[in-house]
Each structure stands twice: as structure tokens, then as C-alpha cells.
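> Fold the stuff below for me.
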Amino acid sequence: VTKLLCTHKHADHSGGNEEMARTIPGLEVVSTRHEHIPAVTTTVDEGDVFALGSLRIRTLHTPCHTAGHVLFYVEGEEGKAPVLFSGDTLFVGGCGRFFEGDAKQMLSAMDKIAKLPPETLVMCGHEYTMANLRFLASVIPDSPALKAKLAECEALRSRSLPTVPTTIGSELAYNLFVLARSPVVQDAVGSVGDAAAAMARLREMKNAF
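From the prediction side, this is the model:
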């Protein structure tokens, strides 16, 4: 192990950094330059690129969950799909709470994510999938893509298997937070013509679900 990538400051993501740094002398701890991260040695911002062996890692700054939250987009392994480490910005069927930002920022983050190749594997920070999908089904219950994903994930969880990773293409089919610009989604939450308002309403509804 030569590098540790940390998406944001919350203790459930950064709390092991110092012990890892003590355990592995010379460990490079890479994280956002916009907030204090324990044991950080290298700070990164939007568009910064660095290498890990033959892998190319690009940083995406997605402020909202926290002001300094970053994602790591990894590519370069021949024959393998790229990977996005999305922290608490994008989940399977959901997005992170807006602790230090607003709906416009999360909408911008989802726009940025949606532009990545559809085959990109998404490694998110938590297994919140079933609660997320049940919420989405309460908003648009007749979505075939959502019904299929819910059945798939129910089968996985019944065998104690993870639902992570997902893919960008999969999330574009049913994740209403990624689809906040869709007229169908906006109509479902009463915010026709206003994607940021639709995002805000979705988050409010999910918080209360």
C-alpha cells in the first residue's frame, strides 16, 4: 500500500487515516485541499491528476455533502472499466445529505458524474441501497428500471451480498437524484421546469422518508 485516497473529512471516512499512516511508513494520504483531513500529505482539487502505478486518477470536486468533498475517477487498467470512488456524494439509488451545500451544488455534482462513461463502476461509501430504492419507488412507482433494480438488490441482500458497485449507466436509468433534470422527475415532485428545486424537494422527501 503506497497511497490512501480520502474523499472528505467525516470521521467514518477519515477516522482511520492516522493509524494507517503510523502502520505504513511513507504512506501518501491524498485528499481535498478544501478541508482539514487527518494525516493528509497531498492535497488535490478539481481536475488534478495523479498516478498510482499504471493507473491515472482524476479528482472531481463536488461540494455539498461537505464543502471540500472530492471524488476519485480511476482509469488505465487495460480491459477493465474505469472506477469512481464517490464517497458520500453518489450512492446506489441516492445521493448524500446536503450538510454544507445546497441543491444547486448537488445538481452540479450529478451533472458532472452523469458525463462519465456509462460503464464506470461506482464504489460508494455506504450500503444504503434498499432504503434508497424504496424511497425512489414511492416517488415514481411505475418505473420498469427501478422495479428491476429493486428486485435485483433484494435478491442480493437476501443472500447477504453487497449491492455495490453500481455503474453510471445503471444510475442514469433509475436514480432520480441523477435524473433531476428530467421533466418526469420534476413533475413527480411538483417542480416542473426547475431542476434545482426538484433536487431540493427530492432531498427533503428522502430526509423525511
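> Going by C-alpha atoms from here, please, whenever you check contacts or count neighbours.
Noted.
> Count residues in the vicinity of residue 54, would you?
10 (other C-alpha atoms under 10 Å).
> got it, and residue 167?
For residue 167, the count of nearby residues is 20 (other C-alpha under 10 Å).
> Tell me who's in contact with residue 25.
Residues near residue 25 by C-alpha atoms under 8 Å, 6 or more residues apart in numbering: none.
> show me where this protein has strands.
Ranges of strands within the chain are 3-6, 28-32, 42-44, 49-52, 55-61, 70-75, 83-87, 90-91, 94-95, 121-124, 166-167, based on DSSP state E.
> Kindly state the beta-bridge partners for the residue nearest in space to the middle of the chain.
Centroid-nearest residue in the chain, with C-alpha atoms, centre = their mean: residue 90, separated by 2.2 Å. Here residue 90 sits in beta bridges with residue 95, going by DSSP bridges.
> Please tell me how far the residue of the chain positioned farthest from its centre sits from residue 166.
Largest separation from the mean C-alpha position in the chain: residue 25, at 29.9 Å (C-alpha atoms, centre = their mean). Computed as C-alpha to C-alpha, to the nearest Å, the residue 25 to residue 166 distance reads 33 Å.
> need the contact list for the closest residue to residue 154 other than its chain neighbours.
Leaving aside its sequence neighbours, residue 154 sits nearest to residue 130 (C-alpha to C-alpha, 6 or more residues apart in numbering; 7.4 Å). Residue 130 makes contacts with 150, 153, 154, as judged by C-alpha under 8 Å, 6+ apart.
> Format those as TSV; extra columns: distance to residue 134 and pLDDT.
Shown next, in TSV, are the contacts of residue 130 (distance: C-alpha to C-alpha, whole Å; pLDDT from 0 to 100):
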residue	distance to residue 134	pLDDT
150	8	96
153	11	98
154	11	97
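> Any figure for the gap between residue 64 and residue 2?
29 Å.
> and the two? which has more neighbours close in?
Comparing residue 64 with residue 2 by other C-alpha under 10 Å, the one with more neighbours is residue 64, at 24 against 11.
> Report the contact partners of that one.
Neighbouring residues of residue 64 by C-alpha under 8 Å, 6+ apart: 89, 97, 98, 99, 100, 101, 102, 103, 105, 106.
> one step back: is it true that the residue nearest to the centre of the chain touches residue 121?
No. Residue 90 is beyond contact range of residue 121, at 11.8 Å (criterion: C-alpha atoms under 8 Å).
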